[in-house]
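Undergrad: Predicted model, plus sequence, below.
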Amino acid sequence: MVTFDQKLVEILNNWTVGEQNWPIGNLILCVVALVLTVLLVGVVGIEREARGRSAGLRTHLLVGVGSCIIMMISIYGFPALFGEHRDVARLAAQVITGVGFLGAGAIIHKNSGIKGLTTAGTIWVAMAIGIACGSFNFIIAVVGTVVIFLVLTLMKKVEVKISKKSPTIMMTCPAGEPILDKVLTVSKQFDCTIHDLSTSLIEGTGDIEVTFQAHFESGEERVMEYVSAIEKETKAKSIHLLGHR
């Protein structure tokens, strides 16, 4: 079965001009792939830029366009050396590995959790969109971008709603206080369970940083009341809700 993309590539690849049969169709195909990459990856990059992420529009465009160029080089770049026996997927495989390391650089791990996973994911899908355009799978690239955008926007609302019922709490308390006992006592009063509790000593202050996830069986209505009770009982110097919008 021949797809629309494949039919378009076949027509343009066979389009030549002049007595010397200049392959103008190949040039047009490459330009279309690059322009479409900029448009599609730009949608993802703008969404990240609007949210103030460190990897914004320019980073995503560089990854997407670079992936597209490498994919086109894999297809057109080595006919004299390897002819029809060249492996067009070899360079693309290296791109996938390389961009994986780039995405890992966007991930930050702290006691309060892991940040940057979504941005690392969008960098990786920017590469995937670029490869799709560079291999002239335009329909896959367009549909994939629509799905990615819906995940970044609509699923964010679902994620926030879930996080309101199970917020992560980070607080700074005096080291001499029985923090764990007090947190468990207050949590029992609010029908709340505690998960992933961790503590770390803040050097030079005599304070400790306590981070945990609180899950409310009855819903999110009493979250702020719970936080106030925790702050009062533990004599916390500061307390923050993470992932709670």
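TA: That came through fine. In this text the structure is predicted, and so the values were computed from the model without any measurement.

Undergrad: Pull out the buried residues from stretch 61-74.
TA: By neighbour count on 16 or more other C-beta atoms under 10 Å, the buried set for stretch 61-74 is 61-72, 74. For every residue, glycine as well, the C-beta is placed using N, CA and C.

Undergrad: what's residue 97 in contact with, if anything?
TA: By C-beta atoms under 8 Å, 6 or more residues apart in numbering, the contact set of residue 97 is empty.

Undergrad: buried ones in the host helix or strand of it?
TA: Assigned by DSSP states H and E, residue 97 falls within helix 90-104. By neighbour count on 16+ other C-beta under 10 Å, the buried set for helix 90-104 is 91, 92, 95, 99, 102, 103.

Undergrad: ok so, going back, now, the buried residues of stretch 61-74 that are in helices?
TA: Among the buried residues of stretch 61-74, DSSP state H puts 61-72, 74 in helices.

Undergrad: Can you add distance to residue 204 and pLDDT and give these back as TSV?
TA: Putting these into TSV (distance: C-beta to C-beta, whole Å; pLDDT from 0 to 100) gives the following:
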residue	distance to residue 204	pLDDT
61	43	93
62	41	93
63	41	92
64	45	94
65	47	95
66	45	93
67	46	93
68	50	94
69	50	93
70	49	91
71	52	91
72	55	89
74	55	85
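
Undergrad: what's the closest of the residues you listed to residue 129?
TA: residue 64 (5.6 Å; C-beta to C-beta).

Undergrad: Spatially nearest residue to that closest one (excluding sequence neighbours)?
TA: residue 41 (3.3 Å; C-beta to C-beta, 6 or more residues apart in numbering).
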